[in-house]
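Chemist: what's the 3D shape of this:
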Amino acid sequence: MVDHRLYRRIVTDNSRGFWASDCRIAGHTADSVGKRKTEFANLVRYIPDQHRRGKKMYERKHQEIAPVSVFMRRMVVHILVAVLLSIFVLFVGIMGYHWIAGLGWVDSLLEASMILGGMGPVNAIATTGAKIFASGYALFSGLVFIALIGIILAPAVHRMLHKFHADERDA
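Modeler: Sure thing, here's the model as predicted:
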């Protein structure tokens, strides 16, 4: 049975970790320290990410690999971040093409979508300012595309590398 007073102490005071003094504070004798350290290790493994010191997103290499439910939640969060980032970048492109290049809203959407997707421009750009914006937006879109791939693949790559490290440790 896990002592909830010990859990609250872990969550609120992460500066010292778990020591014999924590057992005495929780009302345990020094003989039960080993048992409590094991309970502590099992408890810390499942403390939600937001309660961990430093708010680490992933488990460290000496920790057990996260359950599939945690991995799926991470994937959903990363995909949501990627979608929000792509919507923001698309919005910047639409506004730029509409105000700087003078295209209509639908043409601005088409132009920004094609550039963001890597397909290239659709409409001819006439003014120098619009050409400079289109050039900058194209370079920016390429970097955002690389960042989006990294954001989406980060949990899967981390899990794969963590699994390889766990297999090394077992061998």
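Chemist: how about low-confidence regions in this structure?
Modeler: Within the chain, the stretches with pLDDT under 70 are 1-56, 165-171.
Chemist: Could you give the number of residues near residue 67?
Modeler: 11 (other Cβ atoms under 10 Å). All C-beta spots, glycine's among them, are computed from the backbone N, C-alpha and C.
Chemist: which residue packs closest to residue 103, ignoring adjacent ones?
Modeler: Counting by Cβ to Cβ, 6 or more residues apart in numbering, residue 97 is the residue found nearest to residue 103 once chain neighbours are left out, at 4.9 Å.
Chemist: Roughly how far does the one you found sit from residue 65?
Modeler: Noted for residue 97: a distance of 46 Å to residue 65, by Cβ to Cβ, to the nearest Å.
Chemist: Give me the more crowded residue out of the two.
Modeler: In this view residue 97 and residue 65 are compared by other Cβ under 10 Å, and residue 97 has more residues nearby, 27 against 14.
Chemist: how about that one, phi and psi?
Modeler: phi -70, psi -30 (degrees, to the nearest 10).
Chemist: So for the host helix or strand of residue 110, what gets flagged as buried?
Modeler: Using DSSP states H and E, residue 110 sits in helix 105-116. For helix 105-116, burial by neighbour count (16 or more other Cβ atoms under 10 Å) applies to 107-112, 114-116.
Chemist: swap in stretch 63-80?
Modeler: 66, 70-71, 74-75, 78.
Chemist: for stretch 132-142, same thing?
Modeler: Of the residues in stretch 132-142, those buried (16+ other Cβ under 10 Å) are 133-134, 137, 141.
Chemist: Check what contacts it and list those residues.
Modeler: 89, 92-93, 96-97, 100-101, 111-112, 115-116, 118, 121, 125 (Cβ atoms under 8 Å, 6 or more residues apart in numbering).
Chemist: Now flag whichever of those residues is closest to residue 153.
Modeler: Of all those, residue 153 sits closest to residue 118, with 17.4 Å by Cβ to Cβ.
Chemist: can you count the residues close to the closest residue in space to the closest one that isn't next to it in sequence?
Modeler: Spatial nearest neighbour of residue 118, excluding adjacent residues (Cβ to Cβ, 6+ apart): residue 145 at 6.6 Å. Other residues lying near residue 145 total 15 when counted by other Cβ under 10 Å.
Chemist: just to revisit the earlier point, separation between the residue nearest to residue 103 and residue 159?
Modeler: Where residue 159 is concerned, residue 97 sits at a distance of 39 Å (Cβ to Cβ).
Chemist: That'll do, ta.
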